[in-house]
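Q: got a sequence here, can you model it:
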Amino acid sequence: MAICSNCKAELKPGKKFCTNCGTTVNIQASETTEPTDATGQSALGVNCGTAVNEQVSETEGTTDAVEWLALGVKYYNGEDVPQDYTKAVYWFTKAAEQGDAKAQNNLGDCYYNGEGLLQDYTKAVYWFTKAAEQGDVKAQNNLGDCYYNGEGLPQNYTEAAFWYAKAVEKGDAGAQNSLGNCYYEGEGVPQDYEKAVRWYAKAAEQGDVDAQCNLGVCYYNGEGASQDNKKAVYWYIKAAKQGDAEAQYNLGNCYYEGIGVPEDEEKAVYWYTKAAKQGNAEAQNSLGDCYYNGQGVPQDEEKAVYWYTKAAKQGDAEAQYNLGNCYYEGVGIPENEEKAVYWYTKAAKQGNAEAQNSLGDCYYNGQGVPQDEEKAEYWYSKARKPIIYFSRQKD
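A: Numbers count the residues shown, from 1 in each chain. Sure thing, here's the model as predicted:
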């Protein structure tokens, strides 16, 4: 029996590397048995015990590819060995060059994410394509994503839909959701809400969190299916419990408005908070509203400002307008007309009609900016156009 000097695992007969850790040198023989070659001679170097490097046959190389892939997975996940992306890439490459589709996809993932080597979308696409053409479903979905997002090659929705369609033939939930997105947006295929719902439903039933949220949206809006608020809430809950921030925000809205569920401001705050802590700007703004008005939580103007600021810095126009109001009125923060103008301007440039009107007031009255009736009229005229954003009424 021979054992690996690195991990002490028993060596498989005929292998020139340890299938547990990948070590190819310093292989120790047991005290009782020394590994030999076909002629009965020692297979270890006489001075140091290093395994003799022999030419691997084509058949043996094919068999080894499976074990190289397994080694790559071990190092990638840190299973039985310290996690090491560089070593994972080494073993994935060896297996991928032997034509192993799973290894090719895994190597593509490493290039895509920059794990164990420099990020390179072009090389990621190369390996995804190799694997996808062999029928690897994960690679087909990944290649579809690259075409959809224009990563590593020119954006091409038709090609994206083609590869998603290949992957859905094997029941891949991620591809089902992505193909649903293509039908929903009319990207690469004719727009068809009913087909979008069909693919969202297939993915959602497999537990795909994005599809569950998307299906909820379709039921909420009556797109591709009869409008059904209860079904919308059902799917929002499924996704929200898996941690999807958008679904958590949507579910918070349902509880806030009493849509599909009894109105419950405390539950609304609960879900807004979940989403807000994940960085969802709309949820941050809505949570700010709840603290501002004391809805579902004790009134706390400073916390309202905190959440408005979080959302405003992410570019949420309604939050920018609300934060401008707080600075203008000195609510939850010291009064500061210049900062009010700053945030009104941010929101106004995004088309928020209330912010445009408030900015007009500031220019008209010379508050936070030099008085300028022409600029006041400019912003008033903008505000008279159809309103795009609405802020909740505040007492």
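Q: let me see the confidence value for Ile3.
A: According to the model's per-residue confidence, Ile3 sits at a pLDDT of 61.
Q: quick check, Val369 in a helix?
A: No: secondary structure assignment places Val369 outside any helix; it is coil (DSSP: H, G, I helix; E, B strand; the rest coil).
Q: identify the residues contacting Leu251.
A: If you count contacts by Cβ atoms under 8 Å, 6 or more residues apart in numbering, Leu251 has them with Val233, Tyr236, Ile237, Ala240, Trp271. Every residue, glycine included, has its C-beta placed from N, CA and C.
Q: repeat that with 6 Å
A: Tyr236, Ala240, Trp271 (Cβ atoms under 6 Å, 6 or more residues apart in numbering).
Q: Tyr219 versus that one, what's the distance?
A: When Cβ to Cβ, to the nearest Å is applied, the distance between Leu251 and Tyr219 equals 13 Å.
Q: now Ala275
A: Taking Cβ to Cβ as the criterion, Ala275 is separated from Tyr219 by 19 Å.
Q: remind me which residues of this structure are low pLDDT?
A: Per-residue confidence of the chain (counting by pLDDT under 70) places the weak regions at 1-63, 385-395.
Q: domain boundaries for it, per the record?
A: 1-53, 55-170, 182-278 (automatic domain parsing).
Q: so for Gly288, which of those domains sits nearest?
A: Comparison of the domains of the chain against Gly288 by Cβ to Cβ identifies domain 182-278 as nearest, at 8.7 Å.
Q: span of that closest one from start to end?
A: In domain 182-278, first residue to last residue: 26 Å (Cα to Cα, to the nearest Å).
Q: mind listing the helices for the stretch 201-350 of the chain?
A: Defined through DSSP state H, counting those that start in this stretch, the helices belonging to the stretch 201-350 of the chain, from first to last, are 209-221, 229-241, 245-257, 265-277, 281-293, 301-313, 317-329, 337-349.
Q: could I get those as JSON lines with distance to Tyr148?
A: As requested, the helices of the stretch 201-350 of the chain are arranged in JSON lines below (distance: least, Cβ to Cβ, whole Å):
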{"stretch": "helix 209-221", "distance to Tyr148": "13"}
{"stretch": "helix 229-241", "distance to Tyr148": "21"}
{"stretch": "helix 245-257", "distance to Tyr148": "19"}
{"stretch": "helix 265-277", "distance to Tyr148": "25"}
{"stretch": "helix 281-293", "distance to Tyr148": "24"}
{"stretch": "helix 301-313", "distance to Tyr148": "28"}
{"stretch": "helix 317-329", "distance to Tyr148": "27"}
{"stretch": "helix 337-349", "distance to Tyr148": "30"}
